[in-house]
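K.L.:
sequence unknown, structure follows:
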């Protein structure tokens, strides 16, 4: 049995209670939601928080709703909830596809959207997917509430820009306009493994050109986990086989992957391009912008 | 004799399965397992029990300068802190290995691999013991490690085993088998010689239950009871007696339910010994249970064979000879578990299933700064490596000749009339019909149709440069299991024979006591069925007792697929002896001449008078009753047997893997896997199929994802299940199994054992499929595991070493 170092356990009953407990226990306190990233790190003694503040008893953070062109996903919505949501699948097929390949059912039953984003793991799928969708997190802290784009949430591996006494309460995702769709492509060594590389692409098409596009990349060290140059190059362009090739190349160029046991950097860079092309091709096809995929 | 049978359509047990004898019955042990009522090592709890934890080396090679345990000793819940220095005063710091070397119980002079045991803490609870480990301050002088086996013998390489007097290098042994001159003569006249450097990288058996023990040394009567995760409880008891000086009759080893072994639980680990020392020092029972990381980094690994193969043949594809040069990485101590005479295990059965006159192998063992072990993971004493070698080389030859690999194998397979077959390296294969098995596998696969599909897909790929690359891989293996004979095979001087005791109670129920120990294989069912088949007593009426040295006869234990070939034979013979004794009792009961009786499963009757009969149960009661027995016949109904196998058994099989590779990512998907196994008659076909299914999953795992690699500092890169990947059902196809039945002529039941067949036979089928798929790229070989990255790099002619950390090169 792997056992963590000693720690203090607290159960928060409200957001304000959680913030008070964070303040009480200081900078070495951590919020725990699903715990499926934090607890293994503690058992391996890679993480050694002085206090765990359990936020599972806080009501009201586990809802998914749509209003005024915005989808709101509570921070405590689990992966399983997101995967099962019809409204998510309707607007953001990429999220459903990503959830299908995140970890395994046991983890998905416990792990939460807010926890995934705040873990700030560079290989984490939702950070890439929600970054592609230009989602933002809403936080509450000692200084009140603020909104932070997901693309700006991470401050390096396993670090966020959040203050010590600040927690994410929900994620807001703008609904796409025009003909739109999205797709997520992930390659893993084995089901349930972290991505070797993953790419999520969201497109909106209007008047025959790509009006908006988001490209999120996981596990390949792309700045902010997105391929911004590729997005800029695609915007306003007519979908074509050549464009898909070009966007794939730009996505690969956006990466600076680490060589590790999942593969060497050159392979991961290749994958970033290959998976981006596949995701883009599917998203365009599903958006009705590519009627004859075989011709591409 | 061989019969070819279609595999049954279902692999489900028949709830109405036979009450007596062989057949597809439910497993008796599952009654408790499916209810969560198994009793594993960590379930053992004794009043007053303390908990131990091991401090392990964070570095691969270093001199211990100082160990400060004072802070740990001051922990309020710590009862003892044991170091190598303390063990030295007890003469227990070092112990003999299983291969005529020594292992360190706790490091005294140096640490020699990451994860090596440095200190042992005993505390009131497991948490405190683990916390106290962090209070021990060890000062190391870091030394350069030897990580790459190919550099271990270079001049100037750091010497790992400075504990061995005058040791100036990392060489362990040179060993050879076969006839080098005769082999060279064959090579000299060959039309074609193909060479290839093959790596079977280090993998780990990774049983889901890790290793552990509970030691209870009774301070009053001096008796040690040791609950332990061991596949060989009797051998362990004797070793403890020899090493620790404890009297053997004062040692009781109990192996409770074991959650998987695969060879990982054959050896004696320092943790077991430390729990005993902890109990002696504290006078309390002490539990030690390693965690997953400890299991993966410190316990018996498998393989790590660097093989240079050469195969010679005529231009028509008739194999003439095979040469192999092996560099064997044994880690920091030579602690491989195998018969004494064979430092490379049974690797010299590498000539495989083919008919050619000469072969030669040379094996050099080296020390590295890696965990010791080497013979584990269902390898049948390195038959795994041997089969991989020959099956890859045969495919290489086919590729070189432009021949279909199935045709090349058919051309060279041993023929049924050649058995018993004496191999060029000294083995006597007992029986087989190899062409029938291969033909069955080809038919099940629809081989010709698959080749047509492959040709179409290749053409499509060449036209578009995208899509899947399809590969078809064949493996034909001959297994070598059921060691002894004892005159040829021993471990630490203990001959490889096994005992069985069978007692029939007055009411006709029976208890059979075995020296082997199940780790999930279903012995409680299989052995009850063996006794039932021979005696006619219903399987449900037979209790199987094993895993307790105070209650079972001596024997060498369960590994190398030896339980059914060795203990199964002992059980069959003991059962026959009971039936023979029942005959005398039955004759006495019926006042008949024993020679006039005939046996039909469960009943003795007078020939020609079927109404005059008694059942085995009736003879059991009579044997315990007032019946006056003939002169010299003792009462009661029991028998025993110590079985010394006259030869090994040689199960075999033909496997075909169909794989699709995503050309854009290098990802390999095993689409189909056809497995025809011949293990002789099947005692319980459901259990046999379960063994085959598990072994095939092992093969997919090793071929595609499992590896223990090390970085240049000697850090283990497979230290958790996030890094050491075991296959899941998602990576495995629905297995297509078939069987042929060729009984062993020398086994009383004709059975051959099957526990490791699929693990041995399947990896080369998968790799052959991958290489076949990549052949259009000029690929002739790839290192396991065929991860997406490795496949993609291999497609570009830029393979990397899978046993080392992946680099940018």
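P.N.:
Yes, it's here. Since the structure is predicted, the reported quantities are computational estimates derived from the model, not experimental observations. Numbers count the residues shown, from 1 in each chain, chains lettered A, B, ... in the order given.

K.L.:
chain A contacts on chain B?
P.N.:
Within chain B, the positions adjacent to chain A are B:42, B:126-127, B:130-131, B:134, B:289, B:291-293, B:664-667, B:705, B:709, B:717, B:720, B:722-723, B:725, B:727-728, B:730-731, B:787-789, B:792-793, B:800, B:805-808 by C-beta under 8 Å from any C-beta of the partner chain. Glycine gets a C-beta too; all of them are placed from N, C-alpha and C.

K.L.:
quick one, which of those residues are buried?
P.N.:
Among the residues of chain B next to chain A, those buried by neighbour count (16 or more other C-beta atoms under 10 Å in any protein chain shown) are B:42, B:126-127, B:130-131, B:289, B:291-293, B:664-667, B:705, B:709, B:717, B:720, B:723, B:725, B:727, B:731, B:787-789, B:792-793, B:800, B:805-806.

K.L.:
just these: which are in strands?
P.N.:
Secondary structure from DSSP state E places residue B:289 of these in strands.

K.L.:
looking at chain B, which helix is longest?
P.N.:
The longest helix of chain B (DSSP state H) is helix B:569-590.

K.L.:
now do it, average pLDDT.
P.N.:
For helix B:569-590, the mean per-residue pLDDT is 98.

K.L.:
just checking, what packs against that helix?
P.N.:
Applying 3 or more C-beta pairs under 8 Å, 6 or more residues apart in numbering or on different chains; DSSP states H and E, we find helix B:569-590 packed against strand B:498-504, strand B:510-514, helix B:523-535, strand B:597-600, strand B:603-606, strand B:609-615, helix B:616-624, strand B:637-643.

K.L.:
quick one: distance of the third one to the chain centre.
P.N.:
Mean-position distance between helix B:523-535 and its chain equals 23 Å (C-alpha atoms, centre = their mean, to the nearest Å).

K.L.:
return the list of strands paired to the next helix or strand after it, each annotated with direction.
P.N.:
Once the chain leaves helix B:523-535, the next helix or strand it forms, by DSSP states H and E, is strand B:542-545. Paired strands of strand B:542-545, with direction, are strand B:510-514 (parallel) (DSSP bridges).

K.L.:
which residues does the closest residue to chain A within chain B contact?
P.N.:
Closest approach between chain B and chain A, counting by C-beta to the nearest C-beta: residue B:789, at 3.1 Å. By C-beta atoms under 8 Å, 6 or more residues apart in numbering or on different chains, the contact list for residue B:789 reads A:196, A:262, A:263, A:264, A:267, B:666, B:800, B:806.

K.L.:
what's the answer for residue B:559, then?
P.N.:
So residue B:559 contacts B:231, B:232, B:261, B:263, B:266, B:337 (C-beta under 8 Å, 6+ apart).

K.L.:
what about the fourth one, neighbour count?
P.N.:
Counted with other C-beta atoms under 10 Å in any protein chain shown, the neighbours of residue B:263 add up to 28.

K.L.:
one more: the first one?
P.N.:
Here the number of neighbours of residue B:231 (other C-beta under 10 Å) works out to 27.

K.L.:
wait, doesn't it sit right on residue B:558?
P.N.:
Yes - between residue B:231 and residue B:558 there is a contact at 4.9 Å, judged by C-beta atoms under 8 Å.

K.L.:
in the longest helix belonging to chain A, what's buried?
P.N.:
Of all the segments of type helix in chain A, defined by DSSP H, the longest one is helix A:265-286. By 16+ other C-beta under 10 Å, the buried positions in helix A:265-286 come out as A:265-286.

K.L.:
quick one: distance of that helix to the chain centre.
P.N.:
Averaging C-alpha coordinates over helix A:265-286 and over its chain gives two centres that are 17 Å apart (C-alpha atoms, centre = their mean).

K.L.:
again, but for stretch B:630-638
P.N.:
Centre-to-centre, stretch B:630-638 and its host chain are 41 Å apart (C-alpha atoms, centre = their mean).

K.L.:
run a quick neighbour tally on the residue of the stretch 101-250 of chain A found nearest chain B.
P.N.:
Closest to chain B within the stretch 101-250 of chain A is residue A:191: 4.1 Å, counting by C-beta to the nearest C-beta. Number of residues near residue A:191 (other C-beta under 10 Å) recorded here: 14.

K.L.:
quick one: contacts for it?
P.N.:
A:101, A:104, B:728, B:730, B:731.

K.L.:
nearest to residue B:313 among these?
P.N.:
Closest approach to residue B:313 among the contacts of residue A:191 (C-beta to C-beta): residue B:731, at 34.9 Å.

K.L.:
look up how far residue B:42 lies from that closest one.
P.N.:
For residue B:731, the distance to residue B:42 equals 29 Å [C-beta to C-beta, to the nearest Å].

K.L.:
about what we covered before: shared neighbours of residue B:231 and residue B:558, which are they?
P.N.:
In contact with both residue B:231 and residue B:558: B:261, B:517, B:519, using C-beta under 8 Å, 6+ apart.

K.L.:
next, count neighbours for the second one.
P.N.:
By that I understand residue B:517. 29.

K.L.:
now do the contacts for it.
P.N.:
B:230, B:231, B:232, B:233, B:255, B:258, B:523, B:546, B:547, B:557, B:558.

K.L.:
switch the cut-off to 6 Å
P.N.:
When contacts are counted by C-beta atoms under 6 Å, 6 or more residues apart in numbering or on different chains, residue B:517 is found next to B:231, B:233, B:255, B:546, B:547, B:557, B:558.

K.L.:
right, and the second one touches residue B:251 too?
P.N.:
No - Residue B:233 lies out of contact with residue B:251 (C-beta atoms under 6 Å); the separation is 10.2 Å.
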